[in-house]
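**Q** need the 3D shape of this:
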Amino acid sequence: MRTRRGWAVLVGLGAVLLALVLIGVRPQTDDGFRSAVETGVQDAVSSVGTARLAGQTALRDGTFASYESTVLEDTRESVATALSDLAELPVPGQDSQKLRDEVLPLLQESVRQIGDLGTGLAEDDRATATEAVDGLAGTGEKLAAVLDGLR
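**A** The predicted structure is shown next:
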């Protein structure tokens, strides 16, 4: 049986190990930051495109099946994860700060548009869904242009 002191030591060791892992994972240079942003933007481009296609399909077919609902939830979560990951990264320099300031609003807009698309389809509001699909096309193009610039 473990004592309270034993558990405290284990928890303390776990916290130290987690801190070491996070320090090793977080980019400390502009290049590391840029690489992390590239990964997030690449995921977002894919998710935004998938959401747009799901929305177009639902609008064309006139139905909003559970498949589309699941796809939209997954894509929204993926972009939201990219957004939170980027927001939590330490910004090592001015170039990284400019990149962050360019990408964060695009990710935020993507999350909003995917949410609006889901709401529009669920409520059979074609105007809202169509506006979201059109917005995702534009935001997706902007994200793709950022991704091209990162490569």
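**Q** can you report how many residues lie near the nearest residue to Val146 once chain neighbours are set aside?
**A** Spatially, and ignoring its direct neighbours in sequence, Val146 is nearest to Val41 (5.6 Å; Cβ to Cβ, 6 or more residues apart in numbering). (C-beta placed from N, C-alpha, C; glycine too.) By the criterion of other Cβ atoms under 10 Å, Val41 has 24 neighbours.
**Q** with Leu59 instead?
**A** If you count neighbours by other Cβ under 10 Å, Leu59 ends up with 18.
**Q** ok, Ala137 next?
**A** Neighbour tally, Ala137, other Cβ under 10 Å: 15.
**Q** which residues does the helix or strand encompassing it contact?
**A** Here Ala137, judged by DSSP states H and E, is contained in helix 126-150. Residues from elsewhere that reach helix 126-150 (Cβ atoms under 8 Å, 6 or more residues apart in numbering): 34, 37-38, 41-42, 44-45, 48-49, 51-52, 55-56, 58-59, 102-103, 106-107, 109-110, 113-114, 116-117, 119-121.
**Q** kindly provide the distance from the residue nearest to Val146 to Arg112.
**A** 17 Å (Cβ to Cβ, to the nearest Å).
**Q** low-confidence stretches in the protein?
**A** Where the chain drops to pLDDT under 70, the residues are 1-27.
**Q** which parts of it are helices?
**A** 4-25, 30-61, 66-88, 94-122, 126-150 (DSSP state H).
**Q** show me what contacts the residue nearest to Val146?
**A** 82, 103, 143, 146-147, 150 are the contacts of Val41 under Cβ under 8 Å, 6+ apart.
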